[in-house]
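J.: Predicted model and sequence follow; I will ask about them next.
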Amino acid sequence: MNHDILIVFALLGASVFAFVINRPRMDAVALLALLGLILSGILSVDEALAGFSEPSVILIAAFFVIGEALVRTGVAFRVGDWLVGRAGNSEVRLLVLLMLAVAGLGSVMSSTGVVAIFIPVALGIAARIGVAPGRLMMPLAFAGLISGMLTLVGTPPNMVINSELARAGHAGFAFFDFTPMGLVILVLGVGYMVAVRRRLAATVAPDGQAPTRRRLLDLAADYALLGRARRLQVMPGSPLIGHTLGSMQLRKRFGANVIAIERQRKFGNDMLSTSANREIACDDVLTVDFVHPELDLVRFCSEMHLHQLAFRQDYFSDTSRELGLAEVLVPPGSGLIGKSILELRMRSQRGINVVGLRRRGRPLGDGLLEQKLRIGDTLLIAGTWKAIRLLTTQAQDFLVLTLPAEIAEAAPAARRAPFALLSLAITVGLMIGGVVPNVVAALIGCMLMGAFRCIDMAGAYRAIHWQSLILIVGMLPFALALQKTGGIALIVDALLGVTGTASPRLVLASLFALTALVGLFISNTATAVLMAPIGIGLAAQLGVSPLPFAMTVALAASAAFMTPVSSPVNTLVIGPGHYRFVDFVRIGVPFTLLVMAVCVLLLPVLFPW
């Protein structure tokens, strides 16, 4: 073993140790390792920095942006709404649909993001049908991990391994080459979770658990607003048509506080804010808060030619993707002190409405509009999420106390959902057809998302997980360093010395086990970077196709089922599921062994030697 190999292995070992203890940050470790390879003379500057020009890095960044656009347009949340409607009260049906939905969405966007979206959905359904959250949270996480096995862009390791194949002079994977194996594992995972679901749940939350974030209905109840909201459609002949909200004085005449206006558009409905100069049109749907609903509603609907529509939940909770509430405090020195709510002119100046007032912890109902504000009063404001977010950045005379949990589920570009789906379809179509390179197709998808205003430039930059990209860029040079110094050949020879060359399937099983073991301690992306050249080297030594070996590394890198800290997806569900470390071990280890067995049996069939 020469001096250069020792340096590379020392840097690699130090990097893995730093990843395990999480000190310093992973991206900083990768950059330090990159510097070590340069300063030791193992790699030239150009060789060490070649990762910045890797197409796979740009491809991964592009799909971070595309995934965020699917969230901003509400596509991901609409899948959750569909799931709620289809599941009914069946736990098994819910579990199956939940895993299929998460896996499907996660195949084209961040699995961590998808799981984060579905956690509150699953918790809500679990409460409704009376099952412990633990029965759904681990299946949710496993589906997120399996989603990375379904397409080429399902997870960064797939793209890293595909790039390594190209670097070694081999044909890479097509967009759906992962799909047959991924679907088999998904079916296996769904069946496994249905079978073991009764062993998943802790029935009682542990003592001292942090309280959950307050929701819209909690705030509405605090301010005695439940039962006050109505959805009213403007019918032909209504005297409201063509007039502005300010000119009609609906709050003063009828006690009707218009929170939002829903207007039909060509590609869906648009939720409009309620400034004083907002003009009302025929067929608009008004979301109205009535101070005295039973007293004023009938007369109001009759005089204004309005038709009452149903709410599925109280106080517009079923429109929570567009409308919201926020609680604000009147601090000492505020310019609002001594003014009435009417004098605040919140609607005309900010497009929001004051719907509730609490003083000394008690809600005030009668005479709300005329109440003079005092120090320490808390106001409940209602409006579109866009107006509420703007308020939190511009407010100077009050402090924002509470933003409900639903704000995380709001889709600021909901009307652009059809365009987001079109952009995604074009991107996937280009990748499947091979019309342009995959990275070009992904960039076209990003540009389409931007052109259709599914995401803005600031949101696109925020969506990119820069830590992951720097990690890849910093760790990619290790593959070249191991190759130049003979390190890959040394590892391959050692692995073959243990398994022998009589059975390539045994070598595949050993490669899967080693990759999964490494993945317990470092990220799946770093695992793929380290193990891809070893898998390709094993295939070369055996004189067989590298594709089943590369696919084995990809699948094993995503098979982070065995511990709650082996993937961010698992970490997300620990709290909501009330899991212990050992829960993942006893459920995840058997499933990982099942996945390994299926891979060893089927991969040589799908990708012949």
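T.: Thanks, I have the structure now.
J.: alpha carbons only for contacts and neighbour counts from here, please
T.: Noted.
J.: low-scoring pLDDT stretches of the stretch 251-400 of the chain, where are they?
T.: The model of the stretch 251-400 of the chain has pLDDT under 70 over residues 266-269, 291-296, 311-319, 365-366, 392-396.
J.: which stretches of it form strands?
T.: For the stretch 251-400 of the chain, the strands defined by DSSP state E, counting those that start in this stretch cover 256-265, 268-272, 285-290, 306-309, 323-329, 353-359, 362-364, 378-384, 399-402.
J.: Give me the pLDDT for the closest residue to Thr112 other than its chain neighbours.
T.: Ranked by Cα to Cα, 6 or more residues apart in numbering and with sequence neighbours excluded, the top spatial neighbour of Thr112 is Val569, at 5.2 Å. Looking at Val569, its pLDDT is 78.
J.: What helix or strand is Val569 located in?
T.: helix 568-577 (DSSP states H and E).
J.: Might you calculate how far that helix sits from the centre of the chain?
T.: 13 Å (Cα atoms, centre = their mean, to the nearest Å).
J.: cool, stretch 146-158 as well?
T.: Distance, centroid of stretch 146-158 to centroid of chain: 15 Å (Cα atoms, centre = their mean).
J.: Let's have the strands of the stretch 251-400 of the chain in a markdown table, adding distance to Ala50 and mean neighbour count.
T.: As requested, the strands of the stretch 251-400 of the chain are exported to a markdown table (distance: least, Cα to Cα, whole Å; neighbours: other Cα atoms under 10 Å):
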| stretch | distance to Ala50 | mean neighbour count |
| --- | --- | --- |
| strand 256-265 | 49 | 21 |
| strand 268-272 | 46 | 17 |
| strand 285-290 | 56 | 24 |
| strand 306-309 | 60 | 17 |
| strand 323-329 | 48 | 24 |
| strand 353-359 | 55 | 22 |
| strand 362-364 | 63 | 15 |
| strand 378-384 | 47 | 24 |
| strand 399-402 | 47 | 16 |
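J.: Quick one: list the elements packing against the helix holding Val569.
T.: helix 111-129, helix 134-147 (3 or more Cα pairs under 8 Å, 6 or more residues apart in numbering; DSSP states H and E).
J.: circling back: can you check which of the strands of the stretch 251-400 of the chain gets nearest to Ala458?
T.: Closest approach to Ala458 among the strands of the stretch 251-400 of the chain (Cα to Cα): strand 378-384, 20.8 Å.
J.: What is the burial count for the spatially closest residue to Gly148 that is not a sequence neighbour?
T.: Closest residue in space to Gly148, ignoring its immediate chain neighbours: Gly154 at 4.1 Å, by Cα to Cα, 6+ apart. Counted with other Cα atoms under 10 Å, the neighbours of Gly154 add up to 28.
J.: who's in contact with Gly154?
T.: If you count contacts by Cα atoms under 8 Å, 6 or more residues apart in numbering, Gly154 has them with Gly106, Ser107, Val108, Met109, Ser110, Ser111, Ser147, Gly148.
J.: By neighbours, which of these wins?
T.: Neighbour-wise, the contacts of Gly154 (other Cα under 10 Å) top out at Ser147, 33 neighbours.
J.: doesn't Met99 make contact with it?
T.: No - with contact defined as Cα atoms under 8 Å, Ser147 does not reach Met99; the gap is 9.3 Å.
J.: among the helices and strands packed on helix 568-577, which is the most enclosed?
T.: helix 134-147 (a mean of 28; mean count of other Cα atoms under 10 Å).
J.: Show the secondary-structure elements that that one is packed against.
T.: helix 91-106, helix 111-129, helix 179-196, helix 568-577.
J.: cutoff 10 Å now
T.: helix 91-106, helix 111-129, helix 179-196, helix 547-558, helix 568-577, helix 581-606 (3 or more Cα pairs under 10 Å, 6 or more residues apart in numbering; DSSP states H and E).
J.: Could you dump those into JSON lines with distance to Tyr461 added?
T.: Below are the helices and strands packed on helix 134-147 laid out as JSON lines (distance: least, Cα to Cα, whole Å):
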{"stretch": "helix 91-106", "distance to Tyr461": "20"}
{"stretch": "helix 111-129", "distance to Tyr461": "16"}
{"stretch": "helix 179-196", "distance to Tyr461": "30"}
{"stretch": "helix 547-558", "distance to Tyr461": "26"}
{"stretch": "helix 568-577", "distance to Tyr461": "21"}
{"stretch": "helix 581-606", "distance to Tyr461": "34"}
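J.: closest to Leu272 out of those?
T.: Using Cα to Cα, these put helix 111-129 closest to Leu272, at 24.9 Å.
J.: ok, back up a step: tell me which of the helices and strands packed on helix 134-147 lies nearest to Ala143.
T.: Of the helices and strands packed on helix 134-147, nearest to Ala143 by Cα to Cα is helix 91-106, at 5.1 Å.
J.: Can you check what angle separates that closest one from helix 134-147?
T.: 30 degrees (axes from the mean of the first three to the mean of the last three Cα atoms, to 10 degrees).
J.: Much appreciated, bye for now.
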